[in-house]
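Chemist: The following comprises the amino acid sequence and a computationally predicted model.
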Amino acid sequence: MSDERELRRLRDLVAGGGVAVLAGAGMSTDSGIPDYRGPGGSLKRHTPMTYQEFTGSAEGRRRYWGRSHVGWEHFRRAQPNAGHRAVAALEAAGLVDGTITQNVDGLDLAAGSRDVVEIHGNLDRVVCLECREVTDRAELAVRMREANPGFDARVHEFRALNPDGDADLTDEQLQGFRTVPCRRCGADALKADVVFFGETVPRERVDASFALVDAARSLLVLGSSLTVMSGYRFVLHAAKRGIPVAIVNSGPTRGDAKADVRVDAPLGEVLPALAAELTPVR
């Protein structure tokens, strides 16, 4: 556990209310979803799909959907962990005003948090890049299985699951996999409704996130190394406006120099203890 003085400062900051939470991949590791840059982070062995490759290559889309189809079946069974539930309890108690999550697993909402900006989207939705129809991922999974009989049974074992929902499959395992077109316009342009590497985050999500930070008394960063600017910019924004920043993460982060409170400890220890101390017994 981290230094007791920093834990007391964290408690005092959260007890003051008006907290905006920025959640990173480390928030979901206790739910069995790996992170990108932690000790066992997937970037050490896996290059995520880029928006440019996905939109520019039918073969890239085929590989993506083969891996994602298998991975999503496992990904969707993940359950919120104690950290997710602690944040939801702090929100219910009126101490957390809202959460900006960089995760695409939907676990913040599943745990009971209500005011959540899914800045990178959600794997449970699919969007057509041609006609913009948004559909349910479960419906697409049925269509994928029908188009690829026997595929699920053939690839039930794979090397790893990645934070973006991809299963780590070999080219041999992916051989023969077929994508399906948009049911509305027929285009080969279906994409998981998440922000790929190299893709721009939708402006309305960015604006909603900045508004949450602007209205906050403090910004609490949970489980993020803050390596990418999509999350780090909110720390820079808070610091520039004089809004205190607290970071809870196992290991160093890019934002440590901007932090007023820094707790280096597992979220699964810190957050449940914090919620137990600050929220009323139900």
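Modeler: Great, that's in hand. Residues are numbered from 1 along each chain as shown.

Chemist: now the strands for this structure?
Modeler: Counting by DSSP state E, the chain forms strands over residues 19-23, 96-101, 116-118, 121-128, 134-136, 190-194, 218-222, 245-248, 261-263, given from the N-terminal end onward.

Chemist: what's the fourth one in contact with?
Modeler: For strand 121-128, the external contacting residues (Cβ atoms under 8 Å, 6 or more residues apart in numbering) are 68, 72, 75-76, 104-106, 133-138, 140, 164-165, 182, 184-185, 187, 189-195. In this view, the C-beta of every residue, glycine as well, is placed from N, C-alpha and C.

Chemist: do that again at 6 Å, thanks
Modeler: If you take Cβ atoms under 6 Å, 6 or more residues apart in numbering as the criterion, strand 121-128 is touched by 104, 106, 134-135, 137, 140, 165, 182, 189-195.

Chemist: send the alpha carbons of it over as PDB?
Modeler: Listed next in PDB are the C-alpha coordinates belonging to strand 121-128 (Å, rounded to 0.1, in the frame of the first residue of the first chain):
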ATOM      1  CA  GLY A 121     -16.700   4.300 -27.500                       C
ATOM      2  CA  ASN A 122     -18.000   0.900 -26.600                       C
ATOM      3  CA  LEU A 123     -17.400  -2.500 -28.100                       C
ATOM      4  CA  ASP A 124     -21.100  -3.400 -27.700                       C
ATOM      5  CA  ARG A 125     -22.000  -1.200 -30.600                       C
ATOM      6  CA  VAL A 126     -21.200  -1.400 -34.400                       C
ATOM      7  CA  VAL A 127     -21.400   1.500 -36.800                       C
ATOM      8  CA  CYS A 128     -21.400   1.500 -40.600                       C
END
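
Chemist: before we move on, the earlier item: of the contacts of strand 121-128, closest to Leu95?
Modeler: Within these, the smallest distance to Leu95 is 22.6 Å, found for Gly106 (Cβ to Cβ).

Chemist: burial count for the closest one?
Modeler: For Gly106, the count of nearby residues is 21 (other Cβ atoms under 10 Å).
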